[in-house]
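Peer 1: Sequence first, then the predicted structure, then my questions.
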Amino acid sequence: MAGVIIVAGGSGRRFGSEVPKQFALFFKQPLLAYTLSAFERCAWISEIIVVVHQEFIARAEKLCKDLSFRKIRAVTSGGASRQLSVWNGLQQIRQSGKQKILVHDAARPFVSVDLILRVINGLEKAEAVVPVLKCSDSLLFSSPEELRYLQREQYLLVQTPQGFRTDILLRAHQEAVKNKYFEAADDCSLVQKYLQLKPALVEGEITNFKITYQQDLNVITSLVNDILRLNSQ
């Protein structure tokens, strides 16, 4: 069994909204509801820690209550950065003694139970697991001095949920605290930097994309509406 930290501490600045994107509606439900539902349905997840901006704790708690989510252990306040938000979530999860922990971005609301299980199963043999996708687009490196193509075969797209042995993730974050919170892109890069630990890779999912801008949500909403319209003809 594993616990999961859902990182939902953003302010909505890049999304261009007065509320964080995880509370934006997608077919009458907040995006956060879809994210939580996937982990609620996964039999190998026993508890969920939700980390949100201080101003939206009551809103998140009400959402969990209204949708009768049973695995919510705590809704806690996020920090000034994603890394600090995960650290706050870890303080909750460490109290339960869970040996496996997943960290997932709330802004990836279409994560599947199958992907969650792949990450958990990967922790049977590895101390850190990260889902990735091969890069299908061409890549350009751009700087004021140079513009050149990169070999896309050498690059992978990183997703969440990322899985860790709890003690490993705690050690990496503790080292980050000692080093004045080096800002890692995600938790796997934190583990690599401070513990020199190479993660196991599992296959991600193209549908597990991240909602960053309002346009992202508009596109997926339009696609679903088109599918529903075609199916009704």
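Peer 2: Great, that's in hand. Numbers count the residues shown, from 1 in each chain.

Peer 1: Next, report how far the longest helix along the chain is displaced from the centre of its chain.
Peer 2: Selection of the longest helix in the chain by residue count, based on DSSP state H, yields helix 214-231. Offset of helix 214-231 from its chain centre (C-alpha atoms, centre = their mean, to the nearest Å): 22 Å.

Peer 1: how about it: buried residues?
Peer 2: Leu217, Ile220 (16 or more other C-beta atoms under 10 Å). C-beta coordinates here come from the backbone N, C-alpha and C atoms, glycine included.

Peer 1: Show me what the helix-or-strand element of the chain with minimal mean pLDDT packs onto, helices and strands only.
Peer 2: Across the helices and strands of the chain, mean pLDDT, DSSP states H and E gives its lowest value to helix 214-231, namely a mean of 85. On a contact count with 3 or more C-beta pairs under 8 Å, 6 or more residues apart in numbering; DSSP states H and E, helix 214-231 meets strand 25-26.

Peer 1: what about 7 Å?
Peer 2: Helices and strands touching helix 214-231, by 3 or more C-beta pairs under 7 Å, 6 or more residues apart in numbering; DSSP states H and E: there are none.

Peer 1: Convert it to CSV, retaining C-alpha atoms only.
Peer 2: Output for helix 214-231, consisting of C-alpha atoms alone and laid out as CSV, is shown next (Å, rounded to 0.1, in the frame of the first residue of the first chain):
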residue,chain,number,x,y,z
GLN,A,214,-6.5,28.3,-19.8
GLN,A,215,-6.0,27.4,-23.4
ASP,A,216,-5.1,23.8,-22.3
LEU,A,217,-8.4,23.4,-20.7
ASN,A,218,-10.3,25.0,-23.6
VAL,A,219,-8.7,22.6,-26.0
ILE,A,220,-9.6,19.4,-24.1
THR,A,221,-13.1,20.7,-23.4
SER,A,222,-13.6,21.4,-27.1
LEU,A,223,-12.3,17.9,-28.0
VAL,A,224,-14.6,16.2,-25.6
ASN,A,225,-17.6,18.2,-26.8
ASP,A,226,-16.8,17.2,-30.4
ILE,A,227,-16.7,13.5,-29.4
LEU,A,228,-20.0,13.8,-27.5
ARG,A,229,-21.6,15.6,-30.5
LEU,A,230,-20.4,12.9,-32.9
ASN,A,231,-21.6,10.1,-30.7
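
Peer 1: Strands of the protein, residue ranges please.
Peer 2: Here the chain has its strands, by DSSP state E, at 2-8, 25-26, 29-30, 45-52, 72-77, 100-105, 128-134, 139-142, 147-150, 156-158, 162-165, 200-203.

Peer 1: can I get the ones you listed in CSV with mean neighbour count?
Peer 2: Shown next, in CSV, are the strands of the chain (neighbours: other C-beta atoms under 10 Å):
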stretch, mean neighbour count
strand 2-8, 27
strand 25-26, 14
strand 29-30, 18
strand 45-52, 24
strand 72-77, 19
strand 100-105, 26
strand 128-134, 20
strand 139-142, 10
strand 147-150, 10
strand 156-158, 15
strand 162-165, 26
strand 200-203, 15
